[in-house]
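*Asks:* give the three-dimensional model of this entry:
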Amino acid sequence: MSQPARGDSDDIGGMASTPPPPPLSSTSNQPFDVAPATVVTLTKEQYDTLIKNQRPAQAQEDDTISMRHLLPPVNPPAFPDDSKLTEDNYVDWDLAMLTNYTRKVYTYLCKGQHDPSWPPTFHTRWEDYAARALASSLTVTTKATIGPLIQTGGSAHDCWLTLAARYAPSDAQAYSTLIKDYFSMPPYKTITTTVRRG
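*Replies:* Below you'll find the predicted structure:
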């Protein structure tokens, strides 16, 4: 079988041939002229604005709504007065913190690590929220413990560590309580039986 001559077929080697474009001329009979392509250089801001303006308004609104769930609430929930930190209830207070606030906030307070779901642009908002949550869980006396730290710009995590160092029970305190409880137990009554010898 012979090969078709060039231009005799629309299909050469499985590929459709494309006719060359018509020559550009200003005297053509077409209703519009095609201008040659030009290169336009945009800054990043101009490009972002161009892309943003190309998207429908609904998509932009959807982005705004989807970002809202990444923000912390405006105010932390009210902390129960009977669970606020005092001199002798650190363990109960710690448990109340865990149950009253989200695990993300509690983990930030304890470890100082931002939750991966918090976008970096929102870190300061979450830190402020955690600080307000911590402050609402303290009594006036315990707030005085962290006052100097707050004045020097300490984070909510730094305040948590200071409170834990001051109020968390140590092993010595736990042993002291155990020994006190042991020696204040009521005496153990024994039952004695008399065996008759017969």
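
*Asks:* okay, strands next: where are they in the chain?
*Replies:* 11-12, 15-16 (DSSP state E).

*Asks:* could you give the mean pLDDT of the first one?
*Replies:* Looking back up the chat, that one is strand 11-12. Per-region confidence: strand 11-12 scores 50 on mean pLDDT.

*Asks:* residue 92 and residue 182, how far apart?
*Replies:* 22 Å (C-beta to C-beta, to the nearest Å). Where you see a C-beta, it was placed from the backbone N, CA and C, and this is true even at glycine.

*Asks:* same drill for those two, tell me which one is more crowded.
*Replies:* residue 92 (13 against 8; other C-beta atoms under 10 Å).

*Asks:* residues contacting the more buried one?
*Replies:* Listed by C-beta atoms under 8 Å, 6 or more residues apart in numbering, the contact set of residue 92 reads residue 83.

*Asks:* can you check the pLDDT for it?
*Replies:* Reading off the per-residue confidence, residue 92 sits at a pLDDT of 94.

*Asks:* state the pLDDT value of the nearest residue to residue 75 once chain neighbours are set aside.
*Replies:* Distances taken as C-beta to C-beta, 6 or more residues apart in numbering place residue 132 nearest to residue 75, at 6.9 Å, with adjacent residues excluded. The model reports residue 132 with a pLDDT of 93.

*Asks:* low-confidence ranges in this protein?
*Replies:* Applying pLDDT under 70 to the chain flags residues 1-37, 55-69, 171-175, 188-198.

*Asks:* all helices for it, in order.
*Replies:* Under the criterion DSSP state H, the chain contains helices at 44-54, 57-68, 90-100, 103-111, 123-136, 140-151, 156-167, 171-183.

*Asks:* and the closest residue to residue 125 other than its chain neighbours, how far from residue 101?
*Replies:* Closest residue in space to residue 125, ignoring its immediate chain neighbours: residue 72 at 5.7 Å, by C-beta to C-beta, 6+ apart. The spacing between residue 72 and residue 101, counted by C-beta to C-beta, is 10 Å.

*Asks:* those two: which is more packed in?
*Replies:* Shown here are residue 72 and residue 101; by other C-beta under 10 Å, residue 101 has more neighbours (22 against 19).

*Asks:* OK, contacts around that one?
*Replies:* So, once contact is read as C-beta under 8 Å, 6+ apart, residue 101 ends up touching 76-77, 133.

*Asks:* try 6 Å this time
*Replies:* Residues in contact with residue 101 (C-beta atoms under 6 Å, 6 or more residues apart in numbering) are residue 133.

*Asks:* I figured the residue nearest to residue 75 hits residue 76, correct?
*Replies:* Yes - using C-beta atoms under 6 Å as the test, residue 132 is close enough to residue 76 to be in contact (5.4 Å).

*Asks:* show me which of those two is the more surrounded one.
*Replies:* The residue with the greater number of neighbours, taking residue 132 and residue 76 and applying other C-beta under 10 Å, is residue 76; the counts read 20 against 16.

*Asks:* run a quick neighbour tally on the spatially closest residue to the more buried one that is not a sequence neighbour.
*Replies:* If you skip the residues right next to it in sequence, residue 76 has residue 133 as its closest partner in space, 3.8 Å away by C-beta to C-beta, 6+ apart. Close neighbours of residue 133, defined as other C-beta under 10 Å, add up to 24.
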